[in-house]
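In: whatever this is, show me its structure:
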Amino acid sequence: SLSTAFYKRVYADDEEPWFRFMFESRGDLDLAIHGQVTFFVQQFGGPGMYGGFQKDEEFMYHVHTLFKVTPRSMDRWMFHMDYALEEAISDEKYVGGRAQQMRSVLRAYFLEFGEKTINTQDDDPEAPHRTY
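Out: Sure, this is the predicted structure:
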């Protein structure tokens with residue numbers, strides 16, 4: 001799945017350990033995958049299965065205030081998501097250019113969402129990763 005491909009990359013990110021730490025500090029790989037999958041299902045029209053209650057975009061923006069989200073960390077998030085999109089929504093799986101269309105729609109959504117989660121411009125990787 002998209003979430004599995006994404007989080008496997010994130011949890012294996014040895015190039016930018018500060019980025020991996022932001023996710024590892026919140027829980028293990030399976031928990032991260034489950035959280036993202038259930039959010040996506042709900043966000044894109046499925047049932048409210050994320051924790052048994054509605055968690056909309058406003059809730060997710062609030063969750064991201066618990067972390068130092070910088071333009072650099074958003075770019076790193078998109079770096080991993082771009083690879084995950086290519087893996088999970090490959091041209092071999094979909095015909096007629098549909099894979100590219102789906103990747104484009106999702107990428108635009110993730111970029112817009114990500115830009116709204118940026119809460120500091122301090123890109124110093126040695127600075128605290130949490131804002132609390």
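In: how is the residue sitting nearest the centre point of the chain assigned, secondary-structure-wise?
Out: The centroid of the chain falls nearest to residue 77 when counting by C-alpha atoms, centre = their mean (6.1 Å). With DSSP: H, G, I helix; E, B strand; the rest coil as the basis, residue 77 sits in helix.
In: any idea which element the closest residue to it other than its chain neighbours lies in?
Out: Once flanking residues are discounted, residue 77 sits nearest to residue 114: 6.1 Å by C-beta to C-beta, 6 or more residues apart in numbering. Bear in mind the C-beta positions are built from the backbone N, C-alpha and C, glycine included. In the assignment (DSSP states H and E), residue 114 maps to helix 98-117.
In: which helices and strands does that helix pack with?
Out: Applying 3 or more C-beta pairs under 8 Å, 6 or more residues apart in numbering; DSSP states H and E, one finds that helix 98-117 contacts helix 57-64, helix 71-88.
In: just the buried residues of the shortest one, please?
Out: Counting neighbours by 16 or more other C-beta atoms under 10 Å, one finds that the buried residues in helix 57-64 are residue 64.
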